[in-house]
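1. coords below, sequence missing:
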């Protein structure tokens, strides 16, 4: 039998509780023991082995000098003509740098992407993706913006050009399944990397995706990709995980994962949540236009914070930062 543990996160420290992943405001005093396809059982901490307790309790490694005892914001900077929400808006270097400067005040990381991975999107040629991203990263650095930059790509050559231009992190939605050479590059450069769960490729990933048990299937996939990364020489403390909301998943799959996000802490690594303006928010919130999904995006982001997510990837950086500031004020330790 395979079991996973899920912490119960609480605001305000329980008398006998432990900090969740070293958080300043989230705690747990029991775990939920889950069996694939079976029941869930609450277990007191006194009955949980110390290895499991450590995975749930320990502060995650620093990321580009940032501690992860509080949530961090990753601002989306798409330089693509066809992204589902903001494609074509940043079609000049000046526009991209202006937006980067705006976001830098509200975000901890800038995520630059040159290839849309929305459902149905076509693959972008490597040289074109480099042309879109590397000059933008160089211009951001030339403008004196020092915020850490991640390159959102599946391709080793694109990531290499981005790192040479001043990027700090690789964000791979394919978790090295598209271009295994990207893992060699990450290991060689010793940079942080985000490994995301996805099912299929953007062209076909929404064509009737199916799972035996979406929670355990996602966990098993991420564990396998983490092992692959480590075998390539990537240090475990450099790895971030992402459940891949909206990537090869139905509305029901997405909601099930979101209700059980804290399960991902059992991997013992930081978790990134990317839900901003996605289709399921429009479906539930009755907003067909992506730009009308800001309130819903912030609502789901704050749910992620309550579940202990360390990084939020968002379009609407000012609105999300405002929500985080209010949340911090309400949950400040006394």
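-> On my side now, so go ahead. Predicted model, so just to flag it, every value in this text is computed and none were measured. Numbering: from 1, shown residues only.
2. what does the helix or strand containing residue 77 contact?
-> Counting by DSSP states H and E, the element that carries residue 77 is strand 72-78. Strand 72-78 has contacts (Cβ atoms under 8 Å, 6 or more residues apart in numbering) with 63, 66, 85-87, 89-90, 96, 99-100, 103, 106-113, 116, 136, 150, 272, 276, 310-315, 317, 320-321, 324. Using the backbone N, CA and C atoms, a C-beta is placed for each residue, glycine as well.
3. A ChimeraX selection for those, restricted to the buried ones, would help me check which they are.
-> Listed next is the ChimeraX selection for buried residues among the contacts of strand 72-78, using 16 or more other Cβ atoms under 10 Å:
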select :63,85,86,87,90,96,99,100,103,106,107,108,109,110,111,112,113,116,136,150,272,276,310,311,312,313,314,315,317,320,321,324
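4. Tell me which of the contacts of strand 72-78 fall in strands.
-> 109, 110, 111, 112, 113, 150, 272, 311, 312, 313, 314 (DSSP state E).
5. The first one touches residue 64, doesn't it?
-> I take that to be residue 109. Yes - counting by Cβ atoms under 8 Å, residue 109 touches residue 64, with 7.5 Å between them.
6. and for those two, which residues touch both?
-> Shared contacts of residue 109 and residue 64, counting by Cβ under 8 Å, 6+ apart, come down to 148, 169.
7. Please name the residues that touch residue 229.
-> 176, 183, 186, 193, 195, 239.
8. Surely it is in a helix?
-> Yes - assessed with DSSP: H, G, I helix; E, B strand; the rest coil, residue 229 lies in a helix.
9. Check what pLDDT it gets.
-> Listed pLDDT for residue 229 reads 98.
10. Numbering from 12 from now on, please.
-> Sure, I'll start counting at 12 from here, so that last one is residue 240.
11. For it, give its distance to residue 280.
-> Distance, residue 240 to residue 280, using Cβ to Cβ, to the nearest Å: 11 Å.
12. any residues in contact with both of these two?
-> Counting by Cβ under 8 Å, 6+ apart, the residues touching both residue 240 and residue 280 are residue 250.
13. Setting aside sequence neighbours, what's the nearest residue to residue 82?
-> Distances taken as Cβ to Cβ, 6 or more residues apart in numbering place residue 316 nearest to residue 82, at 5.3 Å, with adjacent residues excluded.
14. Are we agreed that the one you found is in a helix?
-> Yes - per three-state DSSP, residue 316 lies within a helix segment.
15. from the chain's centre, how far out does stretch 72-91 sit?
-> With Cα atoms, centre = their mean, to the nearest Å as the basis, stretch 72-91 stands 9 Å off its chain's centre.
16. before we move on, what about stretch 280-299?
-> For stretch 280-299, the distance to the chain centre is 12 Å (Cα atoms, centre = their mean).
17. tell me which residues in that stretch are buried?
-> 280-293, 298.
18. Measure how buried the residue nearest to residue 82 is and give me the count.
-> By other Cβ atoms under 10 Å, the residues close to residue 316 number 24.
19. okay, it: pLDDT?
-> Residue 316 is assigned 94 on the pLDDT scale.
20. picking up where we left off before, what pairs with the strand holding residue 88, parallel or antiparallel?
-> strand 120-124 (parallel), strand 322-325 (parallel) (DSSP bridges).
21. hey, where'd the strands end up in the chain?
-> According to DSSP E, the strands that the chain contains are 14-18, 21-22, 29-30, 37-39, 41-46, 51-55, 83-89, 120-124, 160-163, 180-183, 204-207, 250-253, 283-285, 322-325.
22. Columns mean pLDDT and distance to residue 221 on top of the ones you listed, output as JSON lines?
-> Below are these laid out as JSON lines (pLDDT from 0 to 100; distance: least, Cβ to Cβ, whole Å):
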{"stretch": "strand 14-18", "mean pLDDT": "66", "distance to residue 221": "21"}
{"stretch": "strand 21-22", "mean pLDDT": "62", "distance to residue 221": "35"}
{"stretch": "strand 29-30", "mean pLDDT": "90", "distance to residue 221": "37"}
{"stretch": "strand 37-39", "mean pLDDT": "88", "distance to residue 221": "32"}
{"stretch": "strand 41-46", "mean pLDDT": "85", "distance to residue 221": "20"}
{"stretch": "strand 51-55", "mean pLDDT": "86", "distance to residue 221": "23"}
{"stretch": "strand 83-89", "mean pLDDT": "96", "distance to residue 221": "29"}
{"stretch": "strand 120-124", "mean pLDDT": "97", "distance to residue 221": "28"}
{"stretch": "strand 160-163", "mean pLDDT": "98", "distance to residue 221": "27"}
{"stretch": "strand 180-183", "mean pLDDT": "98", "distance to residue 221": "24"}
{"stretch": "strand 204-207", "mean pLDDT": "98", "distance to residue 221": "19"}
{"stretch": "strand 250-253", "mean pLDDT": "98", "distance to residue 221": "21"}
{"stretch": "strand 283-285", "mean pLDDT": "98", "distance to residue 221": "22"}
{"stretch": "strand 322-325", "mean pLDDT": "98", "distance to residue 221": "26"}
